[in-house]
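Undergrad: 3D, please:
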Amino acid sequence: MQTLLPTLLLQINYLGKRGGFLQIMGQPQSSRELPAGHFIQLTATALQDFETTGTLQMLDDCGPSLTFAKANIYDASTRIVLHKDRVLRHIVLPYQLIRSSRSYSWYQRTGEMETVER
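TA: Prediction:
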């Protein structure tokens, strides 16, 4: 399965949210450690540094009490409780809006801003 996974990941280009298009820039590789400075810890217990020019984003997360049975949208007898089963996380993504129109928004990582001609 480990050799099949990178090939399968290359086939994904949409994550299920309107505007959730993504483009993989290279063959996915396995690593035991995360590259420094490239990830935001969503479940951190302490405050983290963030880019002041970044983009504020609210993300949905699953709480520790959420089960597959509770998440079943076809079962009217169960309910997901906000702040218990469903946790909202506010993060600042290190991306800044460059251009947008009615049909697209172009964001660029903040450390790469000097390469953009406006």
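
Undergrad: Quick check: phi and psi on L93?
TA: Dihedral angles of L93 (phi, psi; degrees, to the nearest 10) stand at phi -80, psi 140.

Undergrad: That one: what's it in contact with?
TA: Counting by Cβ atoms under 8 Å, 6 or more residues apart in numbering, L93 makes contact with 40, 54-57. Every C-beta, even on glycine, is put in place using the N, C-alpha and C of the backbone.

Undergrad: Of those, which is the most crowded?
TA: Each of the contacts of L93 was scored for neighbours by other Cβ atoms under 10 Å, and G54 scores highest at 17 neighbours.

Undergrad: host element of the closest residue to it other than its chain neighbours?
TA: Computed as Cβ to Cβ, 6 or more residues apart in numbering, the closest residue to G54 that is not its neighbour in sequence is V92, at 4.1 Å. Element membership for V92 (DSSP states H and E) is strand 86-93.

Undergrad: Any buried residues in that strand, and which?
TA: By neighbour count on 16 or more other Cβ atoms under 10 Å, the buried set for strand 86-93 is 87, 91-93.

Undergrad: Could you export the residues you listed as CSV, including distance to D49?
TA: Output for those, formatted as CSV (distance: Cβ to Cβ, whole Å):
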residue, distance to D49
V87, 22
I91, 12
V92, 10
L93, 13
